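J.: Model the following, please.
(chains A, B, C and D)
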Protein chains: 4
Amino acid sequence: MDTALAVHIGEDELPFVDIGDGSQLKVLQVKHGEGIWVIENIFQAGYEVETHRHTGPVYGFTTSGAWKYKEYDYINRAGSFLYEPAGSVHTLQCIEDNTRVWFHMTGSNINLDAQGNMTSVVDGTLTLEYYYAVCEKLGLPRPSVLVS
Amino acid sequence: MDTALAVHIGEDELPFVDIGDGSQLKVLQVKHGEGIWVIENIFQAGYEVETHRHTGPVYGFTTSGAWKYKEYDYINRAGSFLYEPAGSVHTLQCIEDNTRVWFHMTGSNINLDAQGNMTSVVDGTLTLEYYYAVCEKLGLPRPSVLVS
Amino acid sequence: MDTALAVHIGEDELPFVDIGDGSQLKVLQVKHGEGIWVIENIFQAGYEVETHRHTGPVYGFTTSGAWKYKEYDYINRAGSFLYEPAGSVHTLQCIEDNTRVWFHMTGSNINLDAQGNMTSVVDGTLTLEYYYAVCEKLGLPRPSVLVS
Amino acid sequence: MDTALAVHIGEDELPFVDIGDGSQLKVLQVKHGEGIWVIENIFQAGYEVETHRHTGPVYGFTTSGAWKYKEYDYINRAGSFLYEPAGSVHTLQCIEDNTRVWFHMTGSNINLDAQGNMTSVVDGTLTLEYYYAVCEKLGLPRPSVLVS
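T.: A predicted model of the protein is given here:
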C-alpha cells in the first residue's frame, strides 16, 4: 500500500529559501490535518524569531553553529537536542553564522508581543504557502515537499 | 509501571460546571505538554461557541440532542462521529436542549472575529484552569482530572 | 482547502458488522500512516477481547451497558471515560448486553498469551480490511470510512 | 508551569552505549504513555537492524555517513530526511562507518522473520531499560534521559 512507503528526501532535493538577512528555510514535510510540519533552518548570527508560544510539542536537532532562547541560558550547538512542550514560550536568537537546525513541529506558533498579546500565528500550512511562493518567485519548480 | 495503568473516570466522578445559559463543561483529561485535552459538554438549545480554527485534529462523539456547525448542513445527533482536522474553521450552534458531546482535542482553538482576525485562544491548560476555578468557587473539592 | 473540512458520519451511515456472538464493530476512521483508528463497538454479555498491550494511547467512551478489564475492578458504564496509555495491558470482558463503546486508538494491539508471549497484532489497517471484507460478503456497498 | 519548559540536552550530556560491533545508541527522550521516543545512533559499516514494521510514524535525520533500507534504492547521507509512516516495513543496513542518525519514533518496532512472522517487539520503554542497564554495567551514573 502506498501509504506504507518510507520516503527519503536527500539534502539537495529541496532548496533553501531566504527568510531574511541570509537566514534560510527548507520545508520537508507538512501534514495539514495533523498540524505536523518538519523544516530545516540555516540561521545567521543575529537572526531572531519573535517570541511565540507553541500549541503542540516541538523537537529540535541542531547540526552546526550556535543558537539559544533568550529565556534560557543553555546554548544549542551541533549535537544538541531540544524538547519544547506545548505551552512553552520563547524567543529564538542565533549566535553563530550557518547554524543549522531541524525542527519537528506539532501545532502552531502563536506570536506574542512584549505584553504577551497575540500578534499573529504561524503554522505548517502557512509556512508551506510561503515556501511555495518564494520558490515560484525565484523561478524554481514547485518543490516536492512531502504533503498530506 | 504506573505510566502503564489504564485509568477510568466514571460518569459521576467529575462535576459538570456552567459555561453560560445552562450549558456545561466537564474536563476529563489534559496532557499539557502534548496539547491534548478531553472534555464532555452538555449544551442547551441556542448555545454558541464562537468561530474558531483548530491547530490540531479534533474528534467529536455525540450522545444526545442535536448541534451543528453554521458552516455545514449536517447535524450531529446521538451516534454521530465528527472529525475536525487541523486548520478547520467553524462556529458551533446547539439546536436541542441537553445535547451531549465528547471532544478529544489536540492543540488550541484560535477564536476569530467576523473578519477572520484572531481574538483569543483557548486550549487545554486554560480550560483546566477555568474548570478548577469554577469548582473552587462552588465549594467543590478539586476535581480529579487526569493531568500530565 | 479540502484537508481543512470537518467531516460528519451520522449514526446510520456506516453499518455495524458481526465480530462473533452478536457483538459488533463499526470502523469510523483510519489514518494508516499515523496508526490512528476510531471505531465503535456493540458488545454482548460474555464477549471477550484477548489480552493485549497497546503501542500507543487509547481513549474509550462508553455510552451504554457495562464492561470491564479483568485486570481492574472498575466497570465502564454509560458516561465512563477510559484512558489507556501506551504500554498498558488488559483483557476486555463485556458484562451486559448492548454495551456500546467508542475507541480512539493510536498504534497496534499486540495480543498476548497467558505467558505474555505475542500471538498476533491488530491495527487500524487490518481492522479496516476486515470491515471491508465482511461488508462485501454481506453484499453491502463499500462503507465510506474516513480513510487517509 | 514546569510542564511548559523547553529542555535542552547538549551533545555530551548523555553517553552513547554499544549496541554491537561498535555501533552505538543514545536515548534522548521517552514518553512512555504516548509511545514516543527520540534516539540518536552511530552505526558502523555492515551494521544491520532486523526487518521490522512500525506501529506509528518515524522521522529520521541523518547527520553523517551513509545507510539505507534494503527494500529501497535511496541512500541516507548527511542532510537526508526520512519519513516512515505507520505500517512501513524495512531492514536497516549501514554502509559507512560513523553514520549518525536521529530518530523521532512513535509506537513500536515489530520485528519480523523472513516469512513475515513477528519475532519480537522493541519500543521506547524497552530501549530505555536497555540504555539504563548498560550505563549501570559500565559504572556510569543513570543518564538524565527526558522521561515522562
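J.: Relative to A:Thr63, how far out is the residue nearest to the spatial centre of chain A?
T.: Residue closest to the average C-alpha location in chain A (Cα atoms, centre = their mean): A:Ile39, at 4.6 Å. Going from A:Ile39 to A:Thr63 by Cβ to Cβ, to the nearest Å gives 13 Å. Where C-beta positions appear, they are placed from N, C-alpha and C, glycine not excepted.
J.: neighbours around A:Gly116, how many?
T.: 9 (other Cβ atoms under 10 Å in any protein chain shown).
J.: List the residues that contact A:Val147.
T.: A:Gln29, A:Val30, A:Lys31, A:His32, A:Leu128 (Cβ atoms under 8 Å, 6 or more residues apart in numbering or on different chains).
J.: again, only using 10 Å
T.: Neighbouring residues of A:Val147 by Cβ atoms under 10 Å, 6 or more residues apart in numbering or on different chains: A:Val27, A:Gln29, A:Val30, A:Lys31, A:His32, A:Trp37, A:Gly124, A:Thr125, A:Leu128, A:Tyr132, C:Thr3.
J.: Now do the phi/psi pair for it.
T.: Torsion angles at A:Val147 (phi, psi; degrees, to the nearest 10) stand at phi -120, psi 140.
J.: Can you check what pLDDT the model gives it?
T.: Listed pLDDT for A:Val147 reads 98.
J.: isn't A:Cys135 right up against A:Arg142?
T.: Yes - shown here, A:Cys135 and A:Arg142 form a contact pair, counting by Cβ atoms under 10 Å, at 6.6 Å.
J.: which one of those two has more residues nearby?
T.: Counted by other Cβ under 10 Å, A:Cys135 and A:Arg142 do not tie: A:Cys135 has more neighbours, with 18 against 9.
J.: Tell me if that one really is in a strand.
T.: No - with DSSP: H, G, I helix; E, B strand; the rest coil as the criterion, A:Cys135 is assigned helix and is not in a strand.
J.: Need the distance between the two termini of stretch A:91-105.
T.: 16 Å (Cα to Cα, to the nearest Å).
J.: Strands of chain A, start to end?
T.: A:7-9, A:17-20, A:23-31, A:36-43, A:48-54, A:58-64, A:66-69, A:76-77, A:81-84, A:89-94, A:99-106, A:109-112, A:118-122, A:146-147 (DSSP state E).
J.: so can I have JSON lines of those strands showing distance to C:Val101?
T.: Below are those laid out as JSON lines (distance: least, Cβ to Cβ, whole Å):
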{"stretch": "strand A:7-9", "distance to C:Val101": "35"}
{"stretch": "strand A:17-20", "distance to C:Val101": "48"}
{"stretch": "strand A:23-31", "distance to C:Val101": "28"}
{"stretch": "strand A:36-43", "distance to C:Val101": "28"}
{"stretch": "strand A:48-54", "distance to C:Val101": "33"}
{"stretch": "strand A:58-64", "distance to C:Val101": "33"}
{"stretch": "strand A:66-69", "distance to C:Val101": "43"}
{"stretch": "strand A:76-77", "distance to C:Val101": "45"}
{"stretch": "strand A:81-84", "distance to C:Val101": "34"}
{"stretch": "strand A:89-94", "distance to C:Val101": "38"}
{"stretch": "strand A:99-106", "distance to C:Val101": "28"}
{"stretch": "strand A:109-112", "distance to C:Val101": "36"}
{"stretch": "strand A:118-122", "distance to C:Val101": "36"}
{"stretch": "strand A:146-147", "distance to C:Val101": "35"}
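J.: Would you mind saying which of the ones you listed lies nearest D:Leu14?
T.: Closest of the strands of chain A to D:Leu14 is strand A:81-84, at 8.7 Å (criterion: Cβ to Cβ).
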